[in-house]
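> here is my input, please return the structure:
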Amino acid sequence: MTVDSRDRELSLIQHLDELRRRLVVAAIAVAVTTGGAFFFSSSIVRFLLAPAGIQRCVAFSPTENFTTFLRVALFAGIALAMPVLLYEIYAYVDPALMSNERKFVLISGPFVLLLFLTGMAFCYYLLLPHALDFLLHFGSDVIDNQLRCNEYLSFVTTFILGVGLIFELPALIVALVRIGVVQRSWLAKQRRYVFLASFIAGAIITPTPDPFNQTLVSLPIYFLYELGLLLARFVGGPRRAA
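Numbering: from 1, shown residues only. Down below sits the predicted model:
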């Protein structure tokens, strides 16, 4: 084995060890926040039931109450641990960053977190009430809809987290332009395709088939794309420290 190949192997091992340590810290953070959220599961369940206009849901198995509370606590734990998760991602890539890139990442960190929280709030206060109103009243003249806690809360938490992640689109665009993966001018030329893709994505994401709720999802996706293009105008392409 040559010296160069040995150095590369050691470097790979060190990177894998660093990744393992960061993942362990992230997992511990989620476990701690999930454990703390478990004690407030009843309040969180009531909060998640509010968009449906109900205060209680039903369970059909002996273990469903516990597993439902655990699922809700995990959802809250991931949300609460998001600052730690973002920091661990930053700390892992930090050694490969130049000084100006490091400054850019630190400045954009709060913006990324704000986008995630805004997405979850947008889903909870605007998307969910309309979607649930349509779903729960559809066929209500012949069907008595009793919400099963496990299925309802799984649907709601997945929807909220998913929309929160979708709201990271501007940060993703800015990052791709900043590191030189794509050029902003090329992205700007794709507007017509992105507009169409936004409505296709809205149709897939939205749990209801009505155009109103699909538009509530599709238009924000496109506006997030435009926001990403606007912000990318101010960051430029990749730059190296002198």
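> phi, psi for residue 58 please.
Main-chain dihedrals, residue 58, degrees, to the nearest 10: phi -110, psi 160.
> look up the pLDDT of it for me, please.
For residue 58, the pLDDT comes out at 90.
> now swap in residue 136 and tell me
82.
> and the helices in this protein?
3-38, 41-49, 64-80, 82-93, 99-122, 128-137, 149-166, 169-179, 184-188, 191-205, 211-232 (DSSP state H).
> need those helices in CSV with distance to residue 56 and mean neighbour count, can you?
To be clear about C-beta, it is placed using only N, CA and C from the backbone, and glycine gets the same treatment. Below are those laid out as CSV (distance: least, CB to CB, whole Å; neighbours: other CB atoms under 10 Å):
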stretch, distance to residue 56, mean neighbour count
helix 3-38, 20, 13
helix 41-49, 7, 16
helix 64-80, 12, 18
helix 82-93, 29, 16
helix 99-122, 24, 16
helix 128-137, 14, 17
helix 149-166, 9, 18
helix 169-179, 36, 20
helix 184-188, 47, 14
helix 191-205, 28, 14
helix 211-232, 25, 18
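> turn the ones you listed into JSON lines, including distance to residue 55.
Below are the helices of the chain laid out as JSON lines (distance: least, CB to CB, whole Å):
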{"stretch": "helix 3-38", "distance to residue 55": "20"}
{"stretch": "helix 41-49", "distance to residue 55": "6"}
{"stretch": "helix 64-80", "distance to residue 55": "15"}
{"stretch": "helix 82-93", "distance to residue 55": "28"}
{"stretch": "helix 99-122", "distance to residue 55": "22"}
{"stretch": "helix 128-137", "distance to residue 55": "14"}
{"stretch": "helix 149-166", "distance to residue 55": "12"}
{"stretch": "helix 169-179", "distance to residue 55": "35"}
{"stretch": "helix 184-188", "distance to residue 55": "46"}
{"stretch": "helix 191-205", "distance to residue 55": "28"}
{"stretch": "helix 211-232", "distance to residue 55": "24"}
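> got any ranges where this protein has weak pLDDT?
Within the chain, the segments meeting pLDDT under 70 span 1-10, 12, 96-97, 208, 236-242.
> still on that earlier bit, the helices of the chain: which one's closest to residue 58?
helix 149-166 (6.6 Å; CB to CB).
> nearest residue to residue 122 other than its sequence neighbours?
residue 163 (6.4 Å; CB to CB, 6 or more residues apart in numbering).
> who's in contact with the one you found?
119, 120, 122, 123, 127, 205, 217 (CB atoms under 8 Å, 6 or more residues apart in numbering).
> how close does it sit to residue 130?
13 Å (CB to CB, to the nearest Å).
> who touches the closest residue to residue 222 other than its chain neighbours in this structure?
Distance criterion CB to CB, 6+ apart; nearest residue to residue 222, sequence neighbours excluded, is residue 198 at 4.1 Å. By CB under 8 Å, 6+ apart, residue 198 lies in contact with 218, 219, 221, 222, 225.
> if you set the cut-off to 7 Å instead, what comes out?
218, 221, 222 (CB atoms under 7 Å, 6 or more residues apart in numbering).
> could the residues you listed go into CSV alongside distance to residue 234?
Shown next, in CSV, are the contacts of residue 198 (distance: CB to CB, whole Å):
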residue, distance to residue 234
218, 26
221, 22
222, 20
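> work out which residue lies at the spatial centre of this protein.
Closest to where the C-alpha atoms of the chain average out (CA atoms, centre = their mean) is residue 165, at 2.2 Å.
> distance of that residue from residue 217?
Residue 165 is 13 Å from residue 217, by CB to CB.
> one more: residue 67?
29 Å.
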